[in-house]
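[1] After the sequence you'll find the predicted model.
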Amino acid sequence: MTFAATILTLYPEMFPGPLGHSLAGRALREGLWRFEAVQIRDFAADRHRSVDDTPAGGGAGMVMRADVVASALDSVAAAGRPVLAMTPRGAPLTQARVRDLAAGPGAVILCGRFEGIDERLFEARAIEPVSIGDYVLSGGEMAALTLLDACIRLIPGVMGAASSGMDESFETGLLEYPQYTRPVEWEGRTIPEVLRSGDHARIAAWRKQMAETDTRLRRPDLWERHEGARVKPPSGAR
Ligand code: ADE
């Protein structure tokens, strides 16, 4: 099965962009995933091909018109694929959602520009708003590229048997342990002795310890969730 991405955008030339290179690029050429970029402007009905208008109630910027975006969306055969809209107002993207998407037939991805899309579109169509983080990009395209990159590397056959695995950051609910490679000594710093010991049990224990420490210090939010899931206090405990 090929993972099929349909991207609705005002900038179709931004695709595949970086996804034409490296791992994703090779997978694209091998037919492990494919994409189609749809120009939303082609669905504008007026002489000026306008896709946006000023915000109702006033304010800065422009809002994408629901009617034009809906026409573009309705022209796509979703064929069982979820319809996602990249927006900072969406639910934060997680590795779990990425894994689900990568295991499925693909996605239809709507990229907003300007101050967003007329909210009525989200009421009138089954659309899942997705955010890639708490910061604002100039449009959904870079967010769509990011989401696709995260999915593509998990498509069976894209990454070798190596890694892909369950050690990775977030798959365990923790950050990944730190990595080292040769030279053994660099600028007076050596690779931790345990990693050179050949003792696989000790190495595994050290990595688990490091993953936990780094997560606790760098991502207290993840650590709390991890610990909360591990030690459930008995109900009624004070
Ligand atoms: N469009 C603009 N900012 C975004 C974000 N943080 N995530 C997804 N889409 C966006």
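    Received it, and whenever you're ready, just let me know what you need.
[2] Around V69, how many other residues sit close by?
    Using other C-beta atoms under 10 Å, the number of residues around V69 comes to 23. In short, each C-beta sits where N, CA and C put it, glycine included.
[3] What segments of this structure are helices?
    22-29, 66-74, 95-102, 120-124, 141-152, 200-218, 220-230 (DSSP state H).
[4] Most tightly packed of these?
    helix 141-152 (a mean of 22; mean count of other C-beta atoms under 10 Å).
[5] From the contact counts, what lies against that one?
    Secondary-structure packing of helix 141-152 (3 or more C-beta pairs under 8 Å, 6 or more residues apart in numbering; DSSP states H and E): strand 3-9, helix 22-29, strand 83-92, helix 95-102, strand 106-111, strand 128-131.
[6] I'd like the helices of the chain written out as TSV, with distance to V51 and mean pLDDT added.
    As requested, the helices of the chain are exported to TSV (distance: least, C-beta to C-beta, whole Å; pLDDT from 0 to 100):
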stretch	distance to V51	mean pLDDT
helix 22-29	28	98
helix 66-74	5	98
helix 95-102	27	98
helix 120-124	12	98
helix 141-152	15	98
helix 200-218	41	98
helix 220-230	38	94
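[7] Any idea which of the ones you listed gets closest to V194?
    Minimum separation from V194 across the helices of the chain (C-beta to C-beta) falls at helix 200-218, 4.7 Å.
[8] one step back: which of the helices of the chain sits closest to L10?
    helix 141-152 (8.6 Å).
[9] Tell me how many other residues crowd A60.
    Applying other C-beta under 10 Å, we find 8 residues neighbouring A60.
[10] for it, what are its contacts?
    Residues near A60 by C-beta atoms under 8 Å, 6 or more residues apart in numbering: E115.
[11] separation between it and T54?
    From A60 across to T54, the span is 9 Å (C-beta to C-beta, to the nearest Å).
[12] Quick one: residues contacting the residue positioned nearest the centre of the chain.
    When the chain is reduced to its mean C-alpha position, the nearest residue by C-alpha atoms, centre = their mean turns out to be L147, at 2.8 Å. L147 is in contact with L84, M86, L93, V98, L101, A107, I109, V130, I132, counting by C-beta under 8 Å, 6+ apart.
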